[in-house]
Structure formats: structure tokens, C-alpha cells
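In: make a model of this:
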Amino acid sequence: MRAQLSAALDAMNRRSLQLAISIALLASTSFAWSAGLVVMLSPQRQFVRSDETPRFVVEVRAVDTSVRIMKFATRGDLRDNYARIRVTRNGKDIDVPILISDPGPTSDSDYELLAPDQRVSFEHRGTPFSLAKLAPGNYSATVALQPAWKDNPVASNSVSFTVLPK
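Out: As a prediction, the model looks like this:
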């Protein structure tokens with residue numbers, strides 16, 4: 001009886017959490033949800049000095065179904081092209097040098113399957129953009145993540161960072 005009650009409470013908690021996430025997603029720009037994924041960018045606010053590169057963490061979570069995604073943590077070329085960072089200043093795209101980063105071919109070993117509620121995270125340094133070349137000022141960043149090269153991108157929340165003079 002106790003095990004059945006515990007299982008019922010766990011199921012209710014999972015459903016309540018999914019409902020709360022759904023409501024938060026509809027009412028907020030803090031998260032993006034599409035194709036069964038939530039993509040979150042952090043930290044919400046950071047400060048870096050000129051000639052330093054901001055560091056972002058991208059967290060991808062499967063919401064209610066299993067989702068196949070590329071292994072962005074181990075393949076920088078996939079991260080650069082399919083977890084594309086966008087940095088703006090005063091609503092306009094930045095103008096900094098861009099490195100060449102063509103994606104190589106992919107195979108089944110370049111993908112992983114996220115089960116419902118499973119998360120994976122990876123660091124993003126803004127490449128292919130040379131973010132260490134940004135002038136002092138306030139910036140915003142988002143990431144558009146394509147789970148697979150043929151999928152539509154899922155946009156993340158927006159974070160801000162400030163580049164301080166040396």
C-alpha cells in the first residue's frame with residue numbers, strides 16, 4: 001500500500017512539474033520549448049574584461065518524449081554550427097571577427113538520446129565569433145540549437161553580459 005501511494009505521488013509530482021513548466025514557458029521568455037526540448041542559457045548575468053571571452057552554459061532537457069540530439073559537448077564544429085550563439089548590443093548584431101568552422105560529417109555515434117526529463121549541458125564560448133574582441137559595453141546573448149542538422153532550431157532564453165575595460 002505504501003509503495004502504491006508513493007508511486008501515485010511521484011506520478012502526480014511529475015505531472016504537476018510538467019504543467020508548471022508548460023505554464024512558465026507560455027508566460028515567460030526565460031525558457032524556450034520546441035520539438036520536445038527546453039534550451040536554457042546561463043549564467044543570467046556575467047562580467048568579463050576586454051580581451052576575455054564570456055563563457056556560457058547551454059542546458060538541453062527533453063520535456064515529455066525522448067529526443068535525439070547531437071553531442072555538442074564533444075564536437076566543437078557541431079556546437080559552432082548547430083548551437084549557434086547570437087550576441088546583440090542595443091538590439092543589433094555584433095560586428096566581430098568570425099572564425100571558419102565548417103561542420104564535418106556526422107554518424108550515429110555523434111548523437112545521443114535524451115529520455116524524458118533527462119538533461120545534458122555543455123560550455124559555449126561563442127565561437128565562431130571572436131567574443132574577446134568585443135568593445136566595452138552591455139550585450140545580450142541567446143542560442144539557437146538544432147537537435148539534428150535537419151531540425152528547426154530551438155531558441156534559448158536571453159542572458160546578458162557586460163564587457164569591462166581593461
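In: quick one, phi psi at residue 133?
Out: phi -90, psi 0 (degrees, to the nearest 10).
In: so what's the residue lying closest to it once chain neighbours are set aside up against?
Out: Setting aside the residues directly before and after it, residue 133 is nearest to residue 96 in space (Cβ to Cβ, 6 or more residues apart in numbering), at 4.5 Å. C-beta coordinates here come from the backbone N, C-alpha and C atoms, glycine included. Taking Cβ atoms under 8 Å, 6 or more residues apart in numbering as the criterion, residue 96 is in contact with 129, 130, 131, 133, 134.
In: switch the cut-off to 6 Å
Out: Shown in contact with residue 96 (Cβ atoms under 6 Å, 6 or more residues apart in numbering): 129, 130, 133.
In: strands of this protein, start to end?
Out: Using DSSP state E, the strands of the chain run over residues 32-34, 37-42, 45-49, 56-62, 67-70, 83-89, 92-93, 111-114, 119-124, 137-145, 154-155, 159-164.
In: now for those strands, which one comes closest to residue 104?
Out: Proximity of the strands of the chain to residue 104 was assessed by Cβ to Cβ; the nearest stretch is strand 67-70, lying at 11.6 Å.
In: how far away is residue 73 from residue 99?
Out: From residue 73 across to residue 99, the span is 19 Å (Cβ to Cβ, to the nearest Å).
In: of those two, who's got more company?
Out: Neighbour totals were compared for residue 73 and residue 99, and residue 73 leads with 16 against 9 (other Cβ atoms under 10 Å).
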